[in-house]
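Q: need a structure here:
(one chain, ligands or ions: 1)
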Amino acid sequence: MSRKRVAVLISGRGSNMAALIEAAKDRNYPAEIALVLSNKAHAAGLDIARAAGIATAVVDHTPFGKDRAGFDAAVQAALVERRIELVCLAGFMRLLTPGFVGQWRERMLNIHPSLLPAFKGLDTHKRALAAGAKIHGATVHFVVAELDSGPIIAQGAVAVHADDTEETLAARVLAVEHRLYPLALKLVAEGRVRIVDGHCLIDGVPVPDGATLVPGAPA
Ligand code: GRF
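A: The predicted model follows:
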């Protein structure tokens, strides 16, 4: 089976992007990172992608002002040019129009730093601590028009420690993200994820072994 051509969309640091690039170095991984696209010209992740020899593109959102559809059309053109088959949002800080999202239905993934549906939106670690959550984590889901709301593909959990700060909790979750995203993309690229009644089934079941990471579980 040929490897799926993936674009990773970023806005900043790009550590999840780097994890996907690392996973895709393995020739047996079912996806290749064919493009890294940023809406910010100085995103640190772009340097990591270039150093890894991966094609990069910048579509700056600022000249588009309120014209979100115009920005999305420019992103779409870059994806089409590179014959992209799957899109991974990885810290991409732009809201996408329903039209664009519809074009990538069941072919666009996002990683969110909480156990969805808890803590949609920003400042998830701060809010998890404020809520007294005992377990926190990360989610990879398909993107739908509504923010952080699409069918859940895989989740990874971490314990919240009594002395956690926003920073220590974020670091523990990020380490899980870096294992979770390559796993979720692999499942999708292998065609093992099917959506039934709005929920993902993997190999026909809701939670197969290995698709959920729990605290202390081996990588
Ligand atoms: C991650 O925490 C991700 O879950 C969220 O934004 C952050 C991006 O970090 N969507 P990085 O750019 O991948 O390092």
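Q: So Val176 sits against Val140, correct?
A: No. Val176 lies out of contact with Val140 (CB atoms under 8 Å); the separation is 10.7 Å. Backbone N, C-alpha and C define where each C-beta goes, glycine included.
Q: More neighbours: which of these two?
A: Val140 (29 against 22; other CB atoms under 10 Å).
Q: host element of that one?
A: strand 135-142 (DSSP states H and E).
Q: Kindly report the same for Glu32.
A: Secondary structure (DSSP H and E) places Glu32 in strand 31-38.
Q: what about dumping the CA coordinates of that strand to CSV?
A: Presented in CSV, the C-alpha positions along strand 31-38 are these (Å, rounded to 0.1, in the frame of the first residue of the first chain):
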residue,chain,number,x,y,z
ALA,A,31,2.1,8.1,6.0
GLU,A,32,4.8,10.5,4.7
ILE,A,33,5.0,14.1,5.7
ALA,A,34,4.8,15.8,2.3
LEU,A,35,4.3,19.3,3.5
VAL,A,36,4.5,21.5,6.6
LEU,A,37,2.4,24.6,6.2
SER,A,38,2.4,27.5,8.7
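Q: buried stuff in the next helix or strand after that strand?
A: Proceeding C-terminally, strand 31-38 gives way to helix 44-51 as the next helix or strand, assigned by DSSP H and E. Neighbour counts over helix 44-51 (16 or more other CB atoms under 10 Å) mark Gly45, Leu46, Ile48, Ala49 as buried.
Q: Among those residues, which ones lie close to the ligand?
A: Among those, proximity to the ligand is found for Gly45 (CB under 6 Å from any ligand atom).
Q: now for the buried residues of helix 44-51, which pair is the farthest apart?
A: Taking CB to CB, the two most distant members of the buried residues of helix 44-51 are Leu46 and Ile48; they sit 7.3 Å apart.
Q: overlap in contacts of the two?
A: Gly14 (CB atoms under 8 Å, 6 or more residues apart in numbering).
Q: avg pLDDT for the strand holding Glu32?
A: Averaged across strand 31-38, the pLDDT comes to 98.
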